[in-house]
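Novice: what shape does this take:
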Amino acid sequence: MNYFEYMADRHRQCAIVAHRGIWKDAPENSLLSIQRTIEAGYDIVEIDVRRTADGEFVLLHDDTLERMTGLNREPEQLTLRELTSLALRNRDGGPGNALTDQKLPSLRDMLELTRDKIFIHLDVKHRHVIPEILAYAQKMGVDQQVDFWADLKTEDDLGWIKDNIMFHDVPFIARTHLEQDDADEQVELVFRLKPLICEVSFKDISQVEAIKQRFHDAGITLWVNTLNGVASPGFTDTAALKDPDAIWGRLLRAGFSAVQTDEMEKLRSYIAAHQAARPRASV
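Specialist: This next block holds a predicted model:
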């Protein structure tokens, strides 16, 4: 089953997207955190990708290496060999976490590790790099196992996405911001593009409930991010731990069928208890 088939399955349960792998006792974005995500049986793992000075790619979220390796340099200034020799700090890094035996991974090593085992949400930190990584995934034969995403706010965004991503027929996530003043225009751009998935942020969840049927009818999966600090107001992982039904339950009832989270196990337990044998509300 490829990524398209998985997302189009109307009877699958909500997809759990593991943010930077299982990093509670392994460095985020490390091969170990990803291997543990595979072993735990999650659906999708989110990883961050940056370009190196010699045109290769590594897994790293930040603009610098300071938090995860202690080196105050930008990854784009170093070669692949230099970067993959760096030891990673445990968990989410910072001086409070010790260095481990895990090294900063290359994109190639990650794709080989995950081949045919788990779907990959590629968070490419600079949009102009996406075509290079798309070509890289095609060369490795994994382009139906990974997704690419970008903001879709303007006509220029629409043109860029069509010219650089959509014609390759790879899984794509369009990011739509219902909390912004031009929300209606952004939504119409999504229906003109018809991506596989739409990641939605919102000011009030009633905004999503009002249009979820349109997404369902168009065959577009609704995806939401509940990470603390970036989630829509009130719909955070922390809030979900206190009242899962008020957060995860409300999101599922609003039509979301993919949730990116740091609390994968708690979300899986909630889904098992409340969504078993129930068709999805959205496609």
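
Novice: show me the strands in the protein, by range?
Specialist: Using DSSP state E, the strands of the chain run over residues 15-19, 44-51, 57-59, 87-89, 99-103, 119-124, 146-151, 172-177, 197-201, 221-225, 256-261.

Novice: go through those and pick out the most buried.
Specialist: Of all the strands of the chain, strand 57-59 has the most neighbours on average by mean count of other CB atoms under 10 Å, namely a mean of 27. In this view, the C-beta of every residue, glycine as well, is placed from N, C-alpha and C.

Novice: out of the strands of the chain, which gets nearest to residue 269?
Specialist: strand 15-19 (10.7 Å; CB to CB).

Novice: and that closest one with strand 221-225, angle?
Specialist: 30 degrees (axes from the mean of the first three to the mean of the last three CA atoms, to 10 degrees).

Novice: quick one: strand 15-19 to strand 256-261, angle?
Specialist: 20 degrees.

Novice: what is the mean pLDDT for strand 15-19?
Specialist: When pLDDT is averaged along strand 15-19, the result is 98.

Novice: what packs against it?
Specialist: strand 44-51, strand 256-261, helix 264-274 (3 or more CB pairs under 8 Å, 6 or more residues apart in numbering; DSSP states H and E).

Novice: reformat these as a markdown table; add distance to residue 60 and mean pLDDT.
Specialist: Shown next, in a markdown table, are the helices and strands packed on strand 15-19 (distance: least, CB to CB, whole Å; pLDDT from 0 to 100):
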| stretch | distance to residue 60 | mean pLDDT |
| --- | --- | --- |
| strand 44-51 | 5 | 98 |
| strand 256-261 | 18 | 98 |
| helix 264-274 | 21 | 96 |
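
Novice: so which of these is nearest residue 227?
Specialist: strand 256-261 (6.6 Å).

Novice: now the closest one against helix 264-274, angle please.
Specialist: Using the same axes, to 10 degrees: strand 256-261 against helix 264-274 is 150 degrees.

Novice: residues making contact with strand 256-261?
Specialist: 7, 12, 14-19, 44, 46, 121, 197, 200, 208, 221-227, 237, 240, 248, 251, 267, 280-283 (CB atoms under 8 Å, 6 or more residues apart in numbering).

Novice: residue ranges with poor pLDDT in the stretch 51-200 of the chain?
Specialist: Low-confidence segments of the stretch 51-200 of the chain (pLDDT under 70): none present.

Novice: how about the helices in it?
Specialist: Using DSSP state H, counting those that start in this stretch, the helices assigned to the stretch 51-200 of the chain run over residues 66-69, 80-83, 107-114, 130-140, 155-164, 183-193.

Novice: alpha carbons only: can I get the fourth one in PDB?
Specialist: The C-alpha trace of helix 130-140 is given here as PDB (Å, rounded to 0.1, in the frame of the first residue of the first chain):
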ATOM      1  CA  ILE A 130      11.900  20.600  -2.100                       C
ATOM      2  CA  PRO A 131      12.400  19.900  -5.900                       C
ATOM      3  CA  GLU A 132      15.900  18.600  -5.100                       C
ATOM      4  CA  ILE A 133      14.600  16.300  -2.300                       C
ATOM      5  CA  LEU A 134      11.700  15.100  -4.500                       C
ATOM      6  CA  ALA A 135      14.200  14.100  -7.200                       C
ATOM      7  CA  TYR A 136      16.300  12.400  -4.600                       C
ATOM      8  CA  ALA A 137      13.300  10.400  -3.300                       C
ATOM      9  CA  GLN A 138      12.400   9.400  -6.900                       C
ATOM     10  CA  LYS A 139      15.900   8.200  -7.500                       C
ATOM     11  CA  MET A 140      15.800   6.100  -4.400                       C
END
